[in-house]
Structures are given as structure tokens and as C-alpha cells.
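Peer 1: Model the following, please.
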Amino acid sequence: MDQIKKQESTEETHKIIHTYPLLRHSDMPESMRAETIELIVTACEKYSANNESAARIIKEGLDKRYGATWHCVVGETFGMDVSYEMKHLLYMFLGGNLAVAVWKCC
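Peer 2: Got it, this is the predicted structure:
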């Protein structure tokens, strides 16, 4: 019985929760990527309880900086298959399980 409790507590301590932005995929130029990540982090921290508002702020910010037709999804569980303009896609995680995807349509 004690071995089972020890094993469960060991497994719990091995869960890795990152608090920094974790970039999963991007084909953006470095300067655009850095500005986009900064915008995402700011919006998600400001609207931590409302993913819809965070997505709207991110989309509007990208539209102002890089032209129209940007799209943004913010959430914990979603799947996607998108067509996008080359060099305009970013997919990342924030705060452990919050995923953010931004892309520009042609």
C-alpha cells in the first residue's frame, strides 16, 4: 500500500508545467515572431479569464501591424487544419495548457 502511494506521489512531481511561452511551430521571420509572442503574452495575461477577448485583442493587433485577414484561436483543447499565407503562422502554448494559434489567410 505504501509503495502505491509513493509511486503516485512520484508521478505527480514529474508533471512539468511551464510558465513561459512554449513555441511549438512557427514559420514567421524572427522579428515578426518576437512581436507576435509579446502581443500574445500581453493579451493572454490581461484577459486570463476570457479567451475570446484575448483572441480578439491578438487578431486586432496583428491586423494593425501586418495588414488584414489574421485569425486567432485561444483555448485549452482544440484541433485545427488551416490554409495560410507562407511565413505567417505561429502555434504556441502559454501557462501550461493554454494554446494559441495565429495565421494569416491569403
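Peer 1: And the helices in this protein, which stretches?
Peer 2: Taking DSSP state H as the criterion, the chain contains helices spanning 2-13, 30-46, 51-66.
Peer 1: since we're on the residue lying closest to residue 23 once chain neighbours are set aside, how many residues are nearby?
Peer 2: Sequence neighbours aside, residue 92 is the residue nearest to residue 23 in space, at 4.8 Å (criterion: CB to CB, 6 or more residues apart in numbering). Placement of C-beta: from N, CA and C, glycine included. The tally of other residues near residue 92 (other CB atoms under 10 Å) stands at 20.
Peer 1: give the contact list for the nearest residue to residue 73 once chain neighbours are set aside.
Peer 2: Spatial nearest neighbour of residue 73, chain neighbours left out: residue 101 (4.7 Å); criterion: CB to CB, 6+ apart. Contacts for residue 101 (CB atoms under 8 Å, 6 or more residues apart in numbering) come out as 72, 73, 78, 80, 82, 89, 90, 91.
Peer 1: What sits closest to the fourth one if chain neighbours are left out?
Peer 2: With CB to CB, 6+ apart as the criterion, residue 80 has its nearest non-adjacent residue at 5.9 Å, and that residue is residue 101.
Peer 1: can you check residue 71 too?
Peer 2: Here the residue nearest residue 71, using CB to CB, 6+ apart, is residue 103, at 5.7 Å.
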